[in-house]
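Student: I'll drop the sequence and a predicted model, then ask my questions.
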Amino acid sequence: GQSGTTQLMNNDYLQSNLDNILKQANDLQNSIDSMTEMMSIQTDLAAVSQRMADKMKTTSGDMSDVRDHLADFDDPDENCSLIHGAPMSHGSGLYIPPYVLRGARQVIPESAAFDPDEFLDLCGHHPGSSAFLAPTMVQRLIQTGRPRPE
């Protein structure tokens, strides 16, 4: 008898410890799963934060460009016009923010391509106008032989 009783008690003790170890292992796995999920969320948040920081740098740079344009290059007001003889997706578009900021007009020619006569007509109709023009566009204006609009 006694060794059989001791063995049963030992088995009960081992089973109890095994159940406890399995519960602890399960709890640990739940903690690992939670930490993995938190790490994934933290990684996503870090990526969002980095994109926001990048956008703020871009916005800050854009605002500096507007400030510099107004301070160093041009001083438009509500009586001025920006005539978009060149594509707004290129050089002409860089001039839009300072003009909008000052309440100046944006003039978009009806033609789909640069037309020197149309451009000069618009300049005559919109005193105080400015434009971004590529050298070839300036050359085409000169070739019209028309005087500079007043």
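Tutor: Nice, I can see it. Numbers count the residues shown, from 1 in each chain.
Student: Distance-wise, check residue 53 relative to residue 60.
Tutor: From residue 53 across to residue 60, the span is 10 Å (C-beta to C-beta, to the nearest Å). C-beta here means a position set from N, CA and C on the backbone, and glycine is covered the same way.
Student: again, but for residue 21
Tutor: Distance from residue 21 to residue 60, by C-beta to C-beta: 57 Å.
Student: And for residue 33?
Tutor: 41 Å.
Student: One more: residue 137?
Tutor: 32 Å.
Student: Which of those two has more residues huddled nearby?
Tutor: Neighbours per residue, other C-beta atoms under 10 Å: of residue 137 and residue 60, the larger number sits with residue 137, 16 against 10.
Student: could you pull out the helices for the chain?
Tutor: Taking DSSP state H to define them, one finds helices in the chain at 2-68, 96-101, 116-125, 135-143.
Student: who wins for proximity to residue 82 among these?
Tutor: Proximity to residue 82 (C-beta to C-beta) singles out helix 96-101 among these, at 4.5 Å.
Student: can I get the CA coordinates of that closest one in CSV?
Tutor: C-alpha atoms of helix 96-101 as CSV (Å, rounded to 0.1, in the frame of the first residue of the first chain):
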residue,chain,number,x,y,z
ILE,A,96,-0.5,80.0,-58.7
PRO,A,97,-0.2,80.1,-54.8
PRO,A,98,1.3,83.5,-54.4
TYR,A,99,-1.3,85.0,-56.8
VAL,A,100,-4.2,83.3,-55.1
LEU,A,101,-2.9,84.4,-51.8
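Student: Alright, I will stop here.
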